[in-house]
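1. give me the fold of what follows.
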Amino acid sequence: MTNETYFDWNRADDKTMYIDAVENAVDSLETTVSYFQRDDNLKWKWIVFSLHHALYMFCTINLEGGNFQQVLTNGSGYNDDENSYFKKGNDEWKKSRRIRRENSHGYKIVWEAVNGEPRFDNKAMQRKRKDKLIGFWTALARVQDKEFWMARYIHSKAIILNEAQWESVEWLTENVRNQLTHFVPMGLSIPIISLDKACFDVICIIEQLAFDTRQVLYVDSGIKTRIKNSVKILKDLLADR
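-> Numbers count the residues shown, from 1 in each chain. Next up is the predicted model:
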C-alpha cells in the first residue's frame with residue numbers, strides 16, 4: 001500500500017479516493033446531515049463527531065490562504081499565538097498574547113504595540129520544523145482575529161462569536177466530543193435538548209466561516225450550493241425538534 005504525497009487532479013479515477021481541504025470540510029458537513037437519518041439516539045455521537053470536525057476544518061481553510069504552512073505548528077500548540085510579532089506597513093510592531101476564557105481551553109488573541117524592533121533568533125526558528133496541524137482552539141482563536149490572521153486580504157473579515165456560541169462550542173467540545181472520543185467505561189447521559197442548541201450554534205458559526213469571511217476560494221461553484229443546502233437542512237432539523 002502506498003501513500004502518495006501528490007494529487008491526481010483527474011478526479012474521475014474510480015480507483016483513488018481524492019480529497020482536498022475544502023472537500024474535507026464539506027464532506028464532514030454533509031456527513032452530519034446523513035446521520036440524522038438514523039432513528040436511534042446514538043446517532044448524536046456521530047453527529048457531534050462530524051459537525052465538530054466540519055467546524056475545525058472550515059476554520060483551517062479560512063486560515064491557510066493557499067499555503068498549508070500557515071496552519072502548521074512546530075510544537076505542542078500550547079504556545080501558539082503567544083509572543084508572535086507582526087508589522088503592518090509603517091506602523092509599529094505588535095506582539096501577541098492569549099487571553100484565556102475562564103475554565104476553558106478557548107482563548108482570544110490580543111495584539112499590543114511594542115517599542116522598537118523585536119529580535120529574532122533565526123537559527124532557533126529554522127530548527128523548529130512545522131509539521132503538525134494547529135489545534136482546534138488555536139484555529140478557532142485565529143478566525144476571530146481581525147488584526148492579523150483574518151486581515152491579510154483587502155475584503156476579508158473575522159468571524160464574531162457571541163457568548164452563547166462560545167459556551168456551546170466549549171460544552172460540545174469538552175463535555176461531549178472529547179468525552180466520547182476518549183470514552184471511559186461508564187454510563188453517560190447527555191440531554192438531547194442541549195445537543196440541539198449546541199449543534200445549532202455550531203452550524204451558525206460554520207455558516208459565517210463559509211460565506212462571510214471572504215477568505216475561502218471555491219474553485220467549483222457547486223461547492224457553495226452543497227454547503228448552503230447542508231446548512232439549511234441542519235438548521236431546519238434542529239429548529240423543528
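
2. shaky segments in the protein?
-> By pLDDT under 70, the weakly predicted segments of the chain are 1-12, 76-78, 120-129, 240-241.

3. ranges for the strands of it?
-> 72-73, 85-86, 94-100, 107-113, 132-133 (DSSP state E).

4. tally of neighbours for the closest residue to residue 47 other than its chain neighbours?
-> In space, and not counting its chain neighbours, residue 47 is closest to residue 35: 4.8 Å by C-beta to C-beta, 6 or more residues apart in numbering. From N, CA and C alone the C-beta is placed, and that goes for glycine too. Counted with other C-beta atoms under 10 Å, the neighbours of residue 35 add up to 17.

5. now for residue 35: which residues touch it?
-> 43, 46-47, 50 (C-beta atoms under 8 Å, 6 or more residues apart in numbering).

6. of those, buried ones?
-> Using 16 or more other C-beta atoms under 10 Å as the burial test, the contacts of residue 35 include 46-47, 50 as buried.

7. which residues of the chain fall in helices?
-> Per DSSP state H, the chain carries helices over the ranges 21-35, 43-63, 122-127, 136-142, 163-171, 178-181, 192-211, 221-239.

8. output those helices in CSV; the columns should cover distance to residue 113.
-> Listed next are the helices of the chain as CSV, based on distance: least, C-beta to C-beta, whole Å:
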stretch, distance to residue 113
helix 21-35, 34
helix 43-63, 24
helix 122-127, 22
helix 136-142, 20
helix 163-171, 27
helix 178-181, 37
helix 192-211, 29
helix 221-239, 38
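
9. nearest to residue 112 among those would be which one?
-> Each of those has some distance to residue 112 by C-beta to C-beta; the shortest is helix 136-142, at 15.7 Å.

10. pull the residues that contact the closest one.
-> Where contact means C-beta under 8 Å, 6+ apart, the residues beyond helix 136-142 that reach it are 52, 55-56, 59-60, 63, 71, 73, 77, 80-81, 98, 105-109, 134, 149-150, 169, 173.

11. tell me the one of the buried ones among the contacts of residue 35 nearest residue 204?
-> Set against residue 204, the nearest of these by C-beta to C-beta is residue 47 (15.7 Å).

12. look up how far residue 236 lies from the residue nearest to residue 47.
-> Computed as C-beta to C-beta, to the nearest Å, the residue 35 to residue 236 distance reads 15 Å.

13. correct me, but residue 135 touches residue 80?
-> Yes - in this structure, residue 135 is within contact of residue 80 by C-beta atoms under 8 Å, at 7.3 Å.

14. overlap in contacts of those two?
-> When contacts are counted by C-beta under 8 Å, 6+ apart, residue 135 and residue 80 are jointly contacted by residue 73.

15. circling back: Serialize the strands of the chain to CSV and add fields for distance to residue 15.
-> What follows is the strands of the chain, written out as CSV (distance: least, C-beta to C-beta, whole Å):
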stretch, distance to residue 15
strand 72-73, 30
strand 85-86, 45
strand 94-100, 46
strand 107-113, 44
strand 132-133, 27
